[in-house]
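Engineer: how does the following fold in three dimensions:
(2 chains)
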Amino acid sequence: MSSYDHEPIIEMRNIAKHFGPVIALSGVSFDVRLGECHCLLGDNGAGKSTFIKTMSGVHTPSSGEILFKGKPMKFDSPRDAMEAGIATVYQDLAMIPLMSVTRNFWMGREPLRRVGPLRFVDFAKANEVTMEEMRKMGINLREPDQAVGTLSGGERQTVAIARAVYFGAEVLILDEPTSALGVRQTANVLSTIDRVRKRGVGVVFITHNVRHALAVGDRFTVINRGKTLGTALRGQISPEELQDMMAGGQEMVELEESLGGTV
Amino acid sequence: MADERIEQVSKFRRALIRPELGAIAGVILVFAFFLMIAGDSGMFGPQGIMNWSVVSAQFMIIAVGACLLMIAGEFDLSVGSMIGFAGILIAIFSVQLHWPVWTAILVAFAICVSIGAVNGFLVIKTGLPSFIVSLAFLYILRGLTIWLSIVTTHKTIIGGVKEAAKGDWLAPVFGGKILHGAFVWLASHGMLKTYSAGSRAGQPVVEGIPMLIVWALVLIVIGHVVLTRTRFGNWIYAAGGDAQAARYVGVPVNRVKILMFMTTAFCACVFATCQVMEFGSAAADRGLLKEFEAIICVVIGGALLTGGYGTVVGAALGALIFGVVQQGLFFSGAESSLFRVFLGTILILAVILNTYIRRLITGER
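Structural biologist: The predicted structure follows:
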């Protein structure tokens, strides 16, 4: 596969993170290449959120190495990571519902135009780019100044993804983008992920839903109790195996039996 | 694909649905009402218009600050106390300490804006609701105002500012009137009545536009342009809409909020200075309840109490409604205590209407 021809853009080695006496992560290794979708799977409390917050600059790791484009890197803030080209789309904090799509899209990076000594937001350009980028993602907005609150959950995720990609994200971290969505909207978000990957962006897709992961993932890493349990390539692992790894094996098998194999 | 379930909205309807719609409807209703019941009372004569314009402009000045702050997601309940405090400071500096009035005004502004910054800093650093922090300042500033005034003069009213302000260059910026010549011209051409007796016989009944009104208009225009046209305005909306989401994309939320607290304090100080210059005195009880009146104007104007939504134009219209109703009841000879009943009713109706309009715009369910 072509995406394995080059080196990882970001490589996390043996990341550990302690919060006082609590060991949230104890040795997680993970890497992303441009143009691939690497799924990070894990049950609730496995350490997925802590791990991606380390990757996006919210937390500094207690130990371990972060290599970005082959060089050791330390992010002190989300802003640092963002400048470097690592964008994170949070499940519930992606968008501000009361604000328009355009205002959300450009939030923090509004395009300016000079009028004498004053600088105003260039809304003509902002609206045009927003409409165009949304069209590329398969969403036809009625108007760029419609409130984000009028969009569906999947569309909001898509706006956030489109925004990250437009502003030059090379690595896109998606924190459970599908967990609150219906079937149709999930499909839309998954196809957005596919589209973004084809544009050469490295996608980190965090989920606890094996089917969603298998639908778009190129590689799968399972994390449990703060440790990586291993990474598998697409086609090398079955949904059942992934599910078992996530839930910690034996207990899950017993549980599944008692539920008649429906989980 | 466009969703076939999304109703196509006509241009007309879209133009109609805006945050200030409730306030626009309110303004029309209020004017129609008073034209009906007080049309011949002089309310819509030159003096009458000047009367409710000045009162509305007072509300507008503090409403602009309160509006921007509320959109940024915070409240300031210390506005009223700040008005009293700023006034007493100016009077003490200029009358008791014999400073030039312009120095007194500038120092008072500096102190008030700094207190606004402290207010905002405490809210940001402690994470407490601004309701509580500014409530504390409501008491602290009012107490300081009365204490300062008693300690320095043994009175709660300090007069003599007008005499001190004679010849000062900055005082007329707050207490003066503009376009005096235009009104004299209107009077000389019979388009404006003149006083027929007394010491001001021959002068027009309206001498000019008070600077208070000019300040109100300037603040509204600046507030509106900043909010809707600039990057900073987008950040104000973002800070109030969802502070965490805004931080994640690099909006300096803390800076925005603290600046908005400073703006509110600045507006309170403008209000206070205009009042002191007009009356020639400062009183320790000035500005009572103004914080709530400012918030009412903003809410009538369509802003959301939880932040992230609203317009300066709406708040200004809310202030106009407030001013016209207050003075209109006076002109129509209604019992003045009824004003509060009327106000409470308008407030409830406005909030219900605005909630409905907001749902239409934002698709909230």
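
Engineer: from residue B:150, how far out is residue B:108?
Structural biologist: From residue B:108 across to residue B:150, the span is 19 Å (CB to CB, to the nearest Å). C-beta here means a position set from N, CA and C on the backbone, and glycine is covered the same way.

Engineer: which of the two has more neighbours?
Structural biologist: residue B:108 (24 against 12; other CB atoms under 10 Å in any protein chain shown).

Engineer: list the buried residues of the host helix or strand of that one.
Structural biologist: Element membership for residue B:108 (DSSP states H and E) is helix B:101-126. By neighbour count on 16 or more other CB atoms under 10 Å in any protein chain shown, the buried set for helix B:101-126 is B:101, B:104-105, B:107-109, B:111-113, B:115-116, B:118-120, B:122-124.

Engineer: now do the helix or strand encompassing residue B:26, average pLDDT.
Structural biologist: Using DSSP H and E, residue B:26 sits within helix B:21-38. For helix B:21-38, the mean per-residue pLDDT is 86.

Engineer: state the number of residues packed around residue A:235.
Structural biologist: 8.

Engineer: now do the SS call for it.
Structural biologist: Per DSSP: H, G, I helix; E, B strand; the rest coil, the local secondary structure of residue A:235 is coil.

Engineer: which residues are in contact with it?
Structural biologist: Counting by CB atoms under 8 Å, 6 or more residues apart in numbering or on different chains, residue A:235 makes contact with nothing.

Engineer: per-residue pLDDT, it?
Structural biologist: The model's pLDDT for residue A:235 equals 82.

Engineer: for chain B, what is the nearest residue in the stretch 101-250 of chain A?
Structural biologist: Here the stretch 101-250 of chain A gets closest to chain B at one residue, residue A:150, 3.4 Å apart by CB to the nearest CB.

Engineer: shaky segments in the stretch 1-150 of chain A?
Structural biologist: A:1-6, A:93-94 (pLDDT under 70).

Engineer: how about the residues of it that lie near chain B?
Structural biologist: A:78-79, A:82, A:88, A:90, A:93-99, A:103, A:106-110, A:112, A:119-121, A:123, A:140, A:142, A:147, A:149-150 (CB under 8 Å from any CB of the partner chain).

Engineer: try 7 Å
Structural biologist: Neighbours of chain B within the stretch 1-150 of chain A, by CB under 7 Å from any CB of the partner chain: A:78-79, A:82, A:90, A:93-99, A:103, A:107-108, A:110, A:112, A:120-121, A:140, A:142, A:147, A:149-150.

Engineer: of the residues you listed, grab the buried ones for PyMOL.
Structural biologist: The buried residues among the residues of the stretch 1-150 of chain A next to chain B can be selected in PyMOL (16+ other CB under 10 Å) with this line:
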select buried, chain A and resi 78+79+82+90+93+94+95+96+97+98+99+103+107+108+110+120+121+147+149+150
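
Engineer: and the residues of the stretch 1-150 of chain A next to chain B, which of them are in helices?
Structural biologist: Under the assignment DSSP state H, the residues of the stretch 1-150 of chain A next to chain B contribute A:78-79, A:82, A:103 to helices.

Engineer: neighbours around the residue of the stretch 51-200 of chain B found nearest chain A, how many?
Structural biologist: Residue nearest to chain A within the stretch 51-200 of chain B (CB to the nearest CB): residue B:71, separated by 9.8 Å. Using other CB under 10 Å, residue B:71 has 28 other residues around it.

Engineer: for the helix holding residue B:108, packing partners?
Structural biologist: helix B:79-91, helix B:130-153, helix B:253-279 (3 or more CB pairs under 7 Å, 6 or more residues apart in numbering or on different chains; DSSP states H and E).

Engineer: do you know which of these lies nearest residue A:130?
Structural biologist: Checking the helices and strands packed on helix B:101-126 against residue A:130 by CB to CB gives helix B:253-279 as the closest, at 22.5 Å.

Engineer: run the chain-centre distance for the closest one.
Structural biologist: Relative to the chain's own centre, helix B:253-279 is displaced by 10 Å; criterion: CA atoms, centre = their mean, to the nearest Å.

Engineer: that helix - what's its average pLDDT?
Structural biologist: 95.

Engineer: list the contacts of the helix or strand following that helix.
Structural biologist: Sequence order places strand B:282-283 as the next helix or strand after helix B:253-279, per DSSP H and E. Here strand B:282-283 makes contact (CB atoms under 7 Å, 6 or more residues apart in numbering or on different chains) with B:87-88, B:90-91, B:156-158, B:161, B:276.

Engineer: name the next helix or strand downstream of strand B:282-283, please.
Structural biologist: Downstream of strand B:282-283 (by DSSP H and E), the next one is helix B:290-300.

Engineer: angle of that following helix against helix B:253-279?
Structural biologist: Per axes from the mean of the first three to the mean of the last three CA atoms, to 10 degrees, the angle that helix B:290-300 makes with helix B:253-279 is 120 degrees.

Engineer: I'd assumed residue B:80 was in contact with residue B:291.
Structural biologist: Yes. Using CB atoms under 7 Å, residue B:291 is in contact with residue B:80, at 4.6 Å.

Engineer: what is the burial count for residue A:124?
Structural biologist: 10.

Engineer: ok, residue A:65 next?
Structural biologist: 14.

Engineer: packing partners for the helix or strand containing it?
Structural biologist: Under the criterion of DSSP H and E, residue A:65 resides in strand A:63-68. Applying 3+ CB pairs under 7 Å, 6+ apart, one finds that strand A:63-68 contacts strand A:10-19.

Engineer: what's the strand it packs on packed up against?
Structural biologist: Counting by 3+ CB pairs under 7 Å, 6+ apart, strand A:10-19 packs on strand A:22-32, helix A:48-55, strand A:63-68.

Engineer: can you tell me which of these comes nearest to residue B:216?
Structural biologist: Taking the helices and strands packed on strand A:10-19 one by one with CB to CB, helix A:48-55 is closest: 47.0 Å.

Engineer: between strand A:22-32 and that closest one, find me the angle.
Structural biologist: 60 degrees.

Engineer: other SSEs contacting helix A:48-55?
Structural biologist: strand A:10-19, strand A:22-32, strand A:171-175, strand A:202-207.
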